[in-house]
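Peer 1: give me a 3D structure for the following:
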Amino acid sequence: MRNAARHNRTRSSRGPSACTGLRYHPAMLSFATCNAARLRRDPRYDGRFFTAVKTTGIYCRPVCPAKQPLTRNVAYYPTAAAAEAAGFRPCLRCRPETAPFCPAWNGTRSTVARALKLIDEGALDECSVVTLAMRLGISSRHLARLFERHVGATPQQLAKTLRVQRAKRLLDAGGHTMTDIAFQAGFGSLRRFNAAFAELYGRSPSSLRAVRERRLS
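Peer 2: Got it, this is the predicted structure:
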C-alpha cells in the first residue's frame, strides 16, 4: 500500500486555542494591511494571509463572500497551516484549499522555501522531520524554529494541511473513490485520511461529499 501511495501521489472538531489573539510572524503583513484587504475583499491578497474568526472557529480567505465579521473578532495568520494549528477549521464557502499559495518568502533564497517544496512533494509522507532537516543541511531543531518564525506551524502540521487540502480538491472535483483520494493525497491509509478529515472538518469525507452533491443537485 505504501508503494501505491508513492506511485499515485499527486494531497476539527477541536475549538480554537486560547491564545488566538493577534499573533504575528516577521514575514506576516501588518494587522492594518490585512484588515483593510479583508474589508475590501482585495483579490491581490488572496493566499497571502488567512482570516480566523474567533466567534465561529472558522478561517477564511480575504476574498470570502460571507458576511464580514467584526474586526475585534478576527486574527490573521500567514498560512492555512498556522490557522489550523491554532484550532480553526477551513471555511466551506471560500474553500481555503483553492487559494493561490504565495507566502511572504516566495521568490527568496530561504531554507523554508526549500523545505516547503520538499514537503509539498511528499518528503514527510513516509520520512521524518529529522530526515528532511538532514536533506536541508540543518538540524531538526533549527528547522522547527524557522517554521515557527515564518509559517506559524510545525513541518508536520504543514504537511498535514497540504495533504488535506489536496484531498479536499480531489473530493470536490468528483470522479474519485475515497481510497483513490486517500493515496493520491499522500495519506498512508484510508483510516488516516478519514481521521485527518474528521479532526479538521468535524465530519467525514463522505459526509462532505454528500453535502456538496446536494448543493449541486
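
Peer 1: surely Ile58 and Cys91 touch.
Peer 2: Yes - using CB atoms under 8 Å, Ile58 is in contact with Cys91, at 5.1 Å. The way it works is simple: take the backbone N, C-alpha and C, and place the C-beta from them, glycine included.

Peer 1: neighbour-wise, which of the two wins?
Peer 2: Ile58 (22 against 19; other CB atoms under 10 Å).

Peer 1: quick check: that one vs Pro43, distance?
Peer 2: Distance check for Ile58 against Pro43: by CB to CB, to the nearest Å, it reads 20 Å.

Peer 1: please report phi then psi for Asp46.
Peer 2: Phi and psi for Asp46, reported as degrees, to the nearest 10, are phi -60, psi 120.

Peer 1: give me the number of residues near it?
Peer 2: 20.

Peer 1: now do the contacts for it.
Peer 2: 61-63, 99-100 (CB atoms under 8 Å, 6 or more residues apart in numbering).

Peer 1: equivalent analysis for Thr56, please.
Peer 2: By CB under 8 Å, 6+ apart, the neighbours of Thr56 are Pro69.

Peer 1: one more: Ala52?
Peer 2: 16, 20, 58-60, 74-77, 83, 86, 88.

Peer 1: who wins on neighbours among these?
Peer 2: Phe88 (30 neighbours).

Peer 1: quick one: that residue from Tyr201, how far?
Peer 2: 12 Å.

Peer 1: try Gln184
Peer 2: 18 Å.

Peer 1: am I right that Phe50 is in a strand?
Peer 2: Yes - counting by DSSP: H, G, I helix; E, B strand; the rest coil, Phe50 falls inside a strand.
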